[in-house]
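Trainee: Attaching a predicted model along with its sequence, questions to come.
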Amino acid sequence: MAFALIGVVALLLFGATRLPRLKVLRSLRAGFGMVAVSSLGVWGLELAGEPTPWTKWAGLVCALSIAYLAARAALLVLFDWLLVQRFGVPIPRLARDVIALFAYLVIGAIVLQEAGIKVGPLLATSAVLTVIIGLALQETLGTLLAGLTLAWEQRLTTGSWVELDEVMGKIEELGWRSLVLRTRLGERIVIPNSTVARSRLRLFGDGSEPVAVPVRLGVAYGVAPDRVKDILTSVCADLPHVLERPAPLILTAQFADSAVVYECRPWTRTPWLAPEIHDTILTRSHAALRRAEMEIPFPQRTLHLATPRADDRPTQSIEALARCELFSDLAPDALNDLSERSSWLRFAPGEAIVTEGDASTALFVLADGTAEVVHGEDTVGTLSSGDVFGEIAFLTNTPRTATVRAQQATAVVKVDSTALAALLETREELAAELAERMAERRAQLEKTGRGRAEPQRAGLVDALRYHLGRLVHSEPGTK
């Protein structure tokens, strides 16, 4: 009767697991079913007559079922109630499964031992059988050990986003056999733990740390990179799901066949929205570049017929020289001749226009932008539009005494010594005037402590005439 009572109670509890208010019993449903079937089976065999070997084995199965149900209930109380609810310590699914498996094996061995069945000899009965089982379970054991390793490292947590073999998803579950990902398309992907352990896995976390999303696009070669970077920076500064800090980074990535390739690196805490961020950057960049009349080249080869076009660089050079105090009083035709024999150069932010210690006799006029003067490791001055620099090396034919570095996109007019020599070949009266202006410049620098002692003004005129006279006689054909 005891087995009948146990079976009826277990059967009633098995049916009660379907009730909405008794959801807690659903985890024990399998145990109730096993106990009900095994107990009623033993009771049926007892009613049939004298005990038989089947009755003994049925009783053993019933004892194992009751032990399993008891262990299952104890583990639920330990994990779900004590550790999680009382102490707030979450237990990974894989750890729970491994502990439960170990507990079931230990309790099963105890029940078998109490029933008079020795477990040790059963495990060591056949070495051949052990080898066969080991080979058969090789993949399973490898997957289990890989899962244990991943759980021990605690890098893969539920709710984190990862990318594996170009598949991005959120971790829903890490079991003893596989990793379950939920993709952005709502798909659930099951990946064996052994595959996860062998693959290169990108960890994006749960959004607590910023992650950069690289986006590449190409712009025509005719556009200065600093202008493109300004536009792309403004585009990336006003994007959904993108952080203000760290600031977006714009890099010149490649000189490709048809375009200069730029890489935008905005930062976000939602890297799983990378396709949306990528789409927004390309869409807005297309509109911004079109407004700025910057071409996004097609990926094709195009044959262009050369056609004459107006070059505004001579006009820019003349205007820059006219704004310069040193050349402001020159006649228009003299400025025109000087600009034709000068060079218009552009420098990117941070680029050195001249470097300390270099051998050069060129004179520079800053046409646009600002630059800093660095001597050694110290910044000794700042230059703006209309300023002249390089006069010391130009006049004395000595190495540069300081480095001039562009602070922003900068344009300069490079007035080479041969250009002045060609000008003075027909206008020698300008030598004294230019030397006087340079001497005044040197005097101003000496007053501010930025210059060093040089010859007096009269000696400066003689030095300039001598220096330019050598150029005139050594290169009489220079125009």
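Mentor: It's in. Residues are numbered from 1 along each chain as shown.
Trainee: neighbours around the residue lying closest to Pro225 once chain neighbours are set aside, how many?
Mentor: Counting by C-beta to C-beta, 6 or more residues apart in numbering, Pro225 lies nearest to Thr252, which is 5.2 Å off, once chain neighbours are set aside. Bear in mind the C-beta positions are built from the backbone N, C-alpha and C, glycine included. When neighbours are defined as other C-beta atoms under 10 Å, Thr252 has 15 of them.
Trainee: For beta bridges, what are the partners of Thr252?
Mentor: Note on Thr252: beta-bridge partners by DSSP bridges are Tyr262.
Trainee: how close does it get to Pro299?
Mentor: Distance, Thr252 to Pro299, by C-beta to C-beta, to the nearest Å: 19 Å.
Trainee: before we move on, back to that, hmm, Leu232 and the residue nearest to Pro225 touching each other?
Mentor: No. Contact between Thr252 and Leu232 fails when scored by C-beta atoms under 8 Å: they sit 10.6 Å apart.
Trainee: Val223: which element?
Mentor: Using DSSP states H and E, Val223 falls within no helix or strand.
Trainee: Give me the pLDDT value at it.
Mentor: According to the prediction, Val223 has pLDDT 91.
Trainee: Pretty sure Met294 is one of the things it touches, is it not?
Mentor: Yes. Proximity of Val223 to Met294 meets the contact threshold set by C-beta under 8 Å, at 4.9 Å.
Trainee: Between these two, which contacts overlap?
Mentor: Common neighbours of Val223 and Met294, using C-beta atoms under 8 Å, 6 or more residues apart in numbering, do not exist here.
Trainee: anything in contact with each of Thr252 and Leu232?
Mentor: Joint contacts of Thr252 and Leu232 (C-beta under 8 Å, 6+ apart) are Tyr262.
Trainee: what does the helix or strand hosting Asp230 contact?
Mentor: For Asp230, the host element (DSSP H and E) is helix 225-236. Residues from elsewhere that reach helix 225-236, judged by C-beta under 8 Å, 6+ apart: 219, 242, 248, 250, 252, 260, 262, 264, 266, 281, 284-285, 288-289, 292, 294, 348-349, 408-409.
Trainee: State the phi and psi torsions of Glu356.
Mentor: The phi/psi pair for Glu356 (degrees, to the nearest 10) reads phi -60, psi 130.
Trainee: Just give the closest residue to Ala292, not the sequence neighbours.
Mentor: Nearest to Ala292 is Ile231, by C-beta to C-beta, 6+ apart, at 5.7 Å.
Trainee: I should have written Val89 there, sorry.
Mentor: Leu83 (4.6 Å).
Trainee: Surely the one you found is within a helix?
Mentor: Yes. Judged by DSSP: H, G, I helix; E, B strand; the rest coil, Leu83 forms part of a helix.
Trainee: Who are the contact partners of it?
Mentor: Per C-beta under 8 Å, 6+ apart, neighbours of Leu83: 89-91.
Trainee: Then Ala4?
Mentor: 39-40, 43.
Trainee: Quickly find the element holding it.
Mentor: Per DSSP H and E: helix 2-16 holds Ala4.
Trainee: Give me the mean pLDDT for the helix or strand just after that helix.
Mentor: The first helix or strand that comes after helix 2-16 along the chain, using DSSP H and E, is helix 29-48. The pLDDT scores in helix 29-48 average 81.
Trainee: Kindly check the end-to-end length of stretch 160-175 for me.
Mentor: 15 Å (C-alpha to C-alpha, to the nearest Å).
Trainee: now do stretch 340-351
Mentor: Start-to-end, stretch 340-351 (C-alpha to C-alpha) is 25 Å.
Trainee: List the buried residues in it.
Mentor: Within stretch 340-351, the residues scored as buried using 16 or more other C-beta atoms under 10 Å are 341-342, 344, 347.
Trainee: Which one of these is nearest to Asp206?
Mentor: Phe347 (44.9 Å; C-beta to C-beta).
Trainee: Phi first, then psi, for that closest one.
Mentor: phi -130, psi 140.
Trainee: Which pLDDT value goes with it?
Mentor: pLDDT, read off for Phe347, is 90.
Trainee: which residue packs closest to it, ignoring adjacent ones?
Mentor: Using C-beta to C-beta, 6+ apart, the closest residue to Phe347 is Ala406 (4.3 Å).
Trainee: any idea of the pLDDT on the one you found?
Mentor: So Ala406 comes in at 92 (pLDDT).
Trainee: what's across from it in the sheet?
Mentor: Ala371.
Trainee: how many neighbours does it have?
Mentor: Residue neighbour count, defined by other C-beta under 10 Å, stands at 23 for Ala406.
Trainee: How about the contacts made by it?
Mentor: So Ala406 contacts 347-353, 369-371 (C-beta under 8 Å, 6+ apart).
Trainee: Now intersect those residues with the strands, please.
Mentor: Among the contacts of Ala406, the ones falling in strands (DSSP state E) are 347, 352-353, 371.
Trainee: which one of these is nearest Leu64?
Mentor: Nearest member of the ones in strands among the contacts of Ala406 to Leu64, counting by C-beta to C-beta, is Ala352, at 82.9 Å.
Trainee: Could you check how far the nearest residue to that closest one once chain neighbours are set aside is from Ser342?
Mentor: Closest residue to Ala352 apart from its sequence neighbours, by C-beta to C-beta, 6+ apart: Arg405 at 5.0 Å. Distance, Arg405 to Ser342, using C-beta to C-beta: 21 Å.
Trainee: Phi, psi for Met168 please.
Mentor: phi -100, psi 140.
Trainee: what's the burial count for the residue nearest to Ala292?
Mentor: Ile231, neighbours per other C-beta under 10 Å, totals 20.
Trainee: confidence score at it?
Mentor: Ile231 is given a pLDDT of 93.
Trainee: What about the buried residues of stretch 340-351, which are in strands?
Mentor: 344, 347.
Trainee: Distance to Phe14 added to the buried residues of stretch 340-351, as JSON lines?
Mentor: As requested, the buried residues of stretch 340-351 are exported to JSON lines (distance: C-beta to C-beta, whole Å):
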{"residue": "Arg341", "distance to Phe14": "102"}
{"residue": "Ser342", "distance to Phe14": "98"}
{"residue": "Trp344", "distance to Phe14": "91"}
{"residue": "Phe347", "distance to Phe14": "83"}
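Trainee: What is the nearest of the buried residues of stretch 340-351 to Leu145?
Mentor: Phe347 (59.8 Å).
Trainee: so what's that closest one up against?
Mentor: Residues in contact with Phe347 (C-beta under 8 Å, 6+ apart) are 353, 369, 406, 409-412.
Trainee: Quick check: the gap between the spatially most central residue of the chain and Arg284.
Mentor: Taking C-alpha atoms, centre = their mean as the criterion, Ala212 is the residue nearest the geometric centre of the chain, at 3.7 Å. Using C-beta to C-beta, Ala212 is found at 18 Å from Arg284.
Trainee: any idea of the angle the helix holding Asp230 forms with strand 343-347?
Mentor: 30 degrees (axes from the mean of the first three to the mean of the last three C-alpha atoms, to 10 degrees).
Trainee: what residue ranges in the stretch 1-150 of the chain score low on pLDDT?
Mentor: Scanning the stretch 1-150 of the chain for pLDDT under 70 picks out 1, 21-24, 49-51, 92-94, 119-144, 147-148.
Trainee: if you set the cut-off to 80 instead, what comes out?
Mentor: Scanning the stretch 1-150 of the chain for pLDDT under 80 picks out 1-4, 7, 11, 14, 17-27, 43, 45-56, 80-81, 83-98, 112-150.
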